[in-house]
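Student: with the sequence up front, the predicted model follows.
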Amino acid sequence: MRKKIFIISILFYFVGNVTAQELFNLQQCIDYALKNSVTVKMAANDVAVAYAKKREGQSAYLPQINAQVKWDDNLKLQSTAFPAMDFGGVSIPGQTLQIGNKYNTTAGIELNQMIFNWSYIQGIKAIQPGYELAQMKKQQTEQDLIYNVAVAYYNILVINENEKLILQNEERLAKTLPIIKLQKDKGVIRQVDVDKVQVNYNNVLIQKDILSTKKDIAYNNLKYTIGMPLTDDIAIDSTVTTANAIKANYGDTANVKNRIELQMIRKNIYLQNILSKRISAGYMPQLSFYTRYAANSFGDKFVNSFNNWHDFAAIGISLDIPIFDGLRTKSSLQQAKLNIATMKEDLIQKEQAMQLQLLNANTQLQNAEQNLTINRNNIDLAKNVLDVATLQYQKGTISYTDWMASDYSYREAEQNYLNTLVQFIQSKLEVDRANNNIESYKQ
């Protein structure tokens, strides 16, 4: 009795675990990927780096304070030449003297404050768009990840749908094959007819094994894409539906302007305009303020280099005025203007290309949706015809050739359905990406 209870408990344990295993739908896969994907984490690090650079750039216009302590051991003092001099009839011949002390210590602190520097001003202006570009790159990384997760997820759904059809074929042929062999034994059909059915059955088994391998690969690809350890198990909701197809007017290309790729180009053009103004700083004067306070101690003995301090201080303003730089600034400005003009043309071209992509994707989606509906109906009709033909053949009311024709039509309908299902899914993903609607998959 205890043994039976133990076995029942074990069975309930495994059944409970299987039942409790969570089925991931597409939104859950995307959420998992956005939290665990390495590419998203790296993009987030890039945003953090851009923020640190933002703080670094702002420091250029803040006061710069530096302290310095310096100790010198003048191993050999520098010589200074004095000319000959005459003081009221007293002549002193010219001579060379060594002036100074062997040891010298200086300690001080200095403050520098930039008052006007056009290059720094434009550099500070460029900080914010540079930071926003890093954020946009992270958003683009997330959109690419959502697209890749959707592709990997739907690939499994298509494989599951194909697997259902193969299992149906296996079951049908497994039931038909003994009847065919029995008819051959009775002399109703030839051995070659049995061999044809056996070949079809063997092909189904081979397709089943191949599909099983593809399924394992597809699951590993999904786990890799979403950032899940490959050793973990995952189960997905295998329901294939087209109900989530957004009924929108994809002929309206206005939303293309909001695509992240075009936003990044516009932001980059804005940034390059700021940087071109920064280049023009080569024509601008620079004004800065400084103040310094220090003290020194000196003597011919080591101890005296740390005693008898003499302090000094200074304040000042520095003005640097560029006069001629060999036309370097002019050449750099010309290059910057040409680069900006090229980027503007690239923006126009890419926007037109994306509008064309959307229109073509919309046409393909509409055609794929119609074909999918037709082929889904066709596979139901072909299955009904095959079921009736199989029953009639088993009763001997139709020939083997008629039954094989129905079987061929059904397998052709299966293949057409799978092909149009793939086309529909691909078209749906492409039209959503072209219409800047890919983030709707995570909602």
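Tutor: Yep, that arrived.

Student: ok, residue 280 touching residue 329?
Tutor: Yes: contact criterion CB atoms under 8 Å: residue 280 and residue 329 qualify, at 6.9 Å. Bear in mind the C-beta positions are built from the backbone N, C-alpha and C, glycine included.

Student: give the contact list for residue 150.
Tutor: Contact analysis of residue 150 by CB atoms under 8 Å, 6 or more residues apart in numbering lists 26, 30, 429, 438, 441.

Student: which ones among the residues you listed map onto helices?
Tutor: In this view, the contacts of residue 150 that belong to helices under DSSP state H are 26, 30, 429.

Student: make JSON lines out of those and add distance to residue 358 and neighbour count.
Tutor: Output for the ones in helices among the contacts of residue 150, formatted as JSON lines (distance: CB to CB, whole Å; neighbours: other CB atoms under 10 Å):
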{"residue": "26", "distance to residue 358": "22", "neighbour count": "18"}
{"residue": "30", "distance to residue 358": "22", "neighbour count": "24"}
{"residue": "429", "distance to residue 358": "13", "neighbour count": "19"}
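
Student: tell me which of those is nearest to residue 181?
Tutor: Nearest to residue 181 out of those is residue 26 (CB to CB; 45.6 Å).

Student: ok, now how distant is the residue nearest to that closest one when sequence neighbours are not counted from residue 164?
Tutor: Once flanking residues are discounted, residue 26 sits nearest to residue 153: 5.1 Å by CB to CB, 6 or more residues apart in numbering. According to CB to CB, to the nearest Å, residue 153 and residue 164 sit 17 Å apart.

Student: neighbour count for the two, which is higher?
Tutor: More neighbours surround residue 153 than the other of residue 153 and residue 164, with 26 against 13 (other CB atoms under 10 Å).

Student: the more buried one contacts residue 27, correct?
Tutor: No: using CB under 8 Å, residue 153 is not in contact with residue 27, being 10.0 Å away.

Student: okay, now residue 406: neighbour count?
Tutor: 22.

Student: hmm, back to that, and of the contacts of residue 150, the nearest to residue 212?
Tutor: Among the contacts of residue 150, residue 26 lies closest to residue 212 (CB to CB), at 22.8 Å.

Student: quick one: pLDDT of the closest one?
Tutor: Looking at residue 26, its pLDDT is 87.

Student: what's near enough to touch it?
Tutor: 149-150, 153, 441.

Student: pLDDT, secondary structure and distance to residue 401 for those residues - can I get that in TSV?
Tutor: What follows is the contacts of residue 26, written out as TSV (pLDDT from 0 to 100; DSSP: H, G, I helix; E, B strand; the rest coil; distance: CB to CB, whole Å):
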residue	pLDDT	secondary structure	distance to residue 401
149	93	helix	48
150	90	helix	45
153	92	helix	43
441	80	helix	48
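
Student: can you tell me which two in the residues you listed are farthest apart?
Tutor: Comparing every pair within the contacts of residue 26 by CB to CB identifies 153 and 441 as the most remote, at 9.3 Å.

Student: surely residue 140 meets residue 261?
Tutor: Yes: counting by CB under 8 Å, residue 261 is a contact partner of residue 140 at 7.0 Å.

Student: mind listing what's buried in the helix or strand hosting residue 402?
Tutor: Using DSSP states H and E, residue 402 falls within helix 400-434. Neighbour counts using 16 or more other CB atoms under 10 Å place 400, 403-404, 406-407, 409-411, 413-414, 416-418, 420-434 of helix 400-434 among the buried residues.

Student: that older thread, which of the contacts of residue 150 lies closest to residue 364?
Tutor: Taking the contacts of residue 150 together and measuring to residue 364 by CB to CB, the closest member is residue 429, at 11.1 Å.

Student: isn't that closest one up against residue 151?
Tutor: Yes: using CB under 8 Å, residue 429 is in contact with residue 151, at 6.6 Å.

Student: measure the spatially most central residue of the chain to residue 423 for me?
Tutor: For the chain, the residue sitting closest to the mean C-alpha position, by CA atoms, centre = their mean, is residue 141 at 2.6 Å. Applying CB to CB, the value for residue 141 to residue 423 is 28 Å.

Student: ok, now residue 65?
Tutor: Distance from residue 65 to residue 423, by CB to CB: 67 Å.

Student: can I get the contacts of residue 26 in CSV with distance to residue 198?
Tutor: Formatted as CSV, these follow (distance: CB to CB, whole Å):
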residue, distance to residue 198
149, 42
150, 41
153, 37
441, 45
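
Student: contact partners for the residue nearest to residue 26?
Tutor: 26, 29, 222, 236.

Student: give me that answer again for 10 Å
Tutor: Residues near residue 153 by CB atoms under 10 Å, 6 or more residues apart in numbering: 24-30, 33, 218, 221-222, 225-226, 236-237, 425, 441.

Student: got it, and residue 79?
Tutor: Contact analysis of residue 79 by CB under 10 Å, 6+ apart lists 96-99.

Student: make it 8 Å
Tutor: Residue 79 makes contact with 96-98 under the criterion CB under 8 Å, 6+ apart.

Student: how close does it get to residue 300?
Tutor: For residue 79, the distance to residue 300 - CB to CB - is 17 Å.

Student: just residue 436 next, same as before
Tutor: Distance, residue 436 to residue 300, by CB to CB: 80 Å.
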